[in-house]
Each structure stands twice: as structure tokens, then as C-alpha cells.
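> I'd like to go over a predicted model; first the sequence, then the structure.
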Amino acid sequence: MPVILTYLTTAPGLFFLSASLYSIIALYLWQRQWTSSIAQFRPQPSHDRLLQFTIATTLLIHAVALYKHMFFDGLLYIGLGDSISVILWLTVMIYWLGHWFYPLLGLHSLVLPFAAMSAALPPFLAPTRAIENTELWAFKLHLLIAMLAYSLFTIASLHVLLMRMLQRHLHRPALPIGLRHLPPLLTMEALLFKMIWAGFICLTLTLMSGIIFSEEIFHKAVQFNHKTVFGIFSWMVFATLLIGRHRYGWRGRIAIRWTLIGFLFLVLAYLGSKFVIEILLGRG
């Protein structure tokens, strides 16, 4: 028993604990959402508060694990696993905060399994080198905004996939049980564009800070490598989508298509480059 408790105070142990809790909550919500009746699925206020408290506790454990794993001897280590884990941590956090303002309970069961997998990744994809210049405020701000942009667009991508599922079942006699517990399609669409706007602002600030503070952060002028190019492509896609929404009322399939394309470019810009460098080339 003391050995287990000692293990659970380490970063790998905390990652294991948070992944386990995410999985348990996801299984509970999945079973209630996809196999129970509507009346049974709606939790009592006390049950809902307990559920939200459990998610908040899991987020705290996950955050402590990330801190222990990424900060060592005053240096910052961020590998591919850490990046994915931070992005999903922020995603769950945004969902958890949004639950107090919008009916998002039905969406938790879809994001929590990804959070569980992301919490298990860092110990297996640990970086071998620290990131340079992490003491600079410009770098910290650049990194924070970039991760927030990824999280917002991750949520937006999950949203459009669910919207597509709802659209395909609108003219059928009955929705699948799981889809009945999601917010109305118009509500999801309104939330989608709010998140895209927030993510677009964060992405704009990320690109601007990377260009303006390039010499201070990276000790060299901005370079138009694949990371920068894909980031700009993603920005252009989302800018086009928002302009089309404002001027032409784009929605439905058009919004879904453009959101997924923009998110794909964003994944290729950062996570794709880290995968190639750390996994394929072994330069982590």
C-alpha cells in the first residue's frame, strides 16, 4: 500500500490516476447517455454537482501531473505527449466552465475518452531536451495562447462532427438515444461560431507574437517553414469561414467542411511537426 501511494504522488502515477478517473466518468456518462432513457439520464442537481466536482478534481490531478512532468530544475520540457495532454486538458476545462452557462452535459461523454488517452501519453512520449528561452515572458505568452487556440479549435471540430451526425438524423423517425441528449442544433451552431471566433483571435495573436518576437524568442528572424505556412493556411481558412458567415450566412455543411479543413492545417502546423521531429527523426 505505501508503494502504491508513493507511486501516485509521482508524475506517471498522477497521469495514471487522472486517466483512470476520466475513463470512469466517461463510461458512466456514456452508459447513461447512450443506453438509458431520457428521464433516467437527466441527473438530480446533487448528482450533477457531484459529477462536476469529480471532473474538477480530475482536472486538478491532471494539471499537477503535467506540472511535475514538464518542469524540472527550472527548465521546461514539452514533448508530443505533453502537447496533446495540455490541449485536451484545456479542452475539458473549457467544457467544464461552459457547462455552467450552456447545456453541455451530453458532450462530456465524447471528449472525456480523448482526455483519458491524452493523460496516459506523456510518460511514453517524454522529451529528452528542454525548450530554450522559457524564461522569457514573450515565449510564455506565445505558448499559452497557442495551446488555447488548439483547444478551442479541438472543441470546434468535435462540435461540427456532432452537428453532422444530427443533420443526418433530422429527417428520420427518431434520433439515436445518445443524440437526443445533445443541445439543439441551432444552439450548437451558435456555440460553434463563438468558439471559432475565440480560437481565431487566439490563433491571430499566436501568429503575430511569433512574428513580432521571433528574434527575442528564437534568436532569429521569422522563417516561413512548414510550421509557419500551415499555421497561416489555417488562419486563412478560418478567416474565410468567418467572413462567409458574416456576409453570406454560411452554416451547415459549409461550416463543417471549412472548420475541419482549418483544424487539419493547424494539426499539421504544430503536432504534425513535433511528430516528425520527435517520433520519426528521434530528435526529441
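Arrived safely. Numbers count the residues shown, from 1 in each chain.

> Name the residues of stretch 197-214 that are buried.
198, 199, 200, 202, 203, 205, 206, 207, 209, 210, 213, 214 (16 or more other CB atoms under 10 Å). C-beta coordinates here come from the backbone N, C-alpha and C atoms, glycine included.

> who's in contact with the first one?
Think residue 198. residue 152 (CB atoms under 8 Å, 6 or more residues apart in numbering).

> So for the one helix or strand it maps to, mean pLDDT?
When secondary structure is defined using DSSP states H and E, the element that contains residue 198 is helix 185-212. Taken as a whole, helix 185-212 has an average pLDDT of 86.

> Determine the longest helix present in this structure.
The helix spanning the most residues in the chain, taking DSSP state H as the definition, is helix 137-169.

> buried stuff in that one?
Applying a neighbour-count criterion of 16+ other CB under 10 Å, the buried positions in helix 137-169 are 139, 142-143, 145-160, 162-163, 166.

> if we can go back for a sec, now the helix holding residue 198: how far from the chain's centre is it?
Average the C-alpha atoms of helix 185-212, do the same for its chain, and the two points are 13 Å apart (CA atoms, centre = their mean, to the nearest Å).

> Then stretch 69-78?
Here stretch 69-78 shows a centroid-to-chain-centroid distance of 21 Å under the convention CA atoms, centre = their mean.

> which intervals of the stretch 101-250 of the chain have sub-threshold pLDDT?
Residues of the stretch 101-250 of the chain meeting the criterion pLDDT under 70: 102-106, 127-128, 130, 132-136, 169-183, 213-225.

> orientation of the longest helix of the chain relative to helix 185-212 in degrees?
Between helix 137-169 and helix 185-212, the angle comes out at 150 degrees (axes from the mean of the first three to the mean of the last three CA atoms, to 10 degrees).

> ok, residue 162 touching residue 188?
Yes: A contact is recorded between residue 162 and residue 188 when judged using CB atoms under 8 Å, the distance being 6.7 Å.
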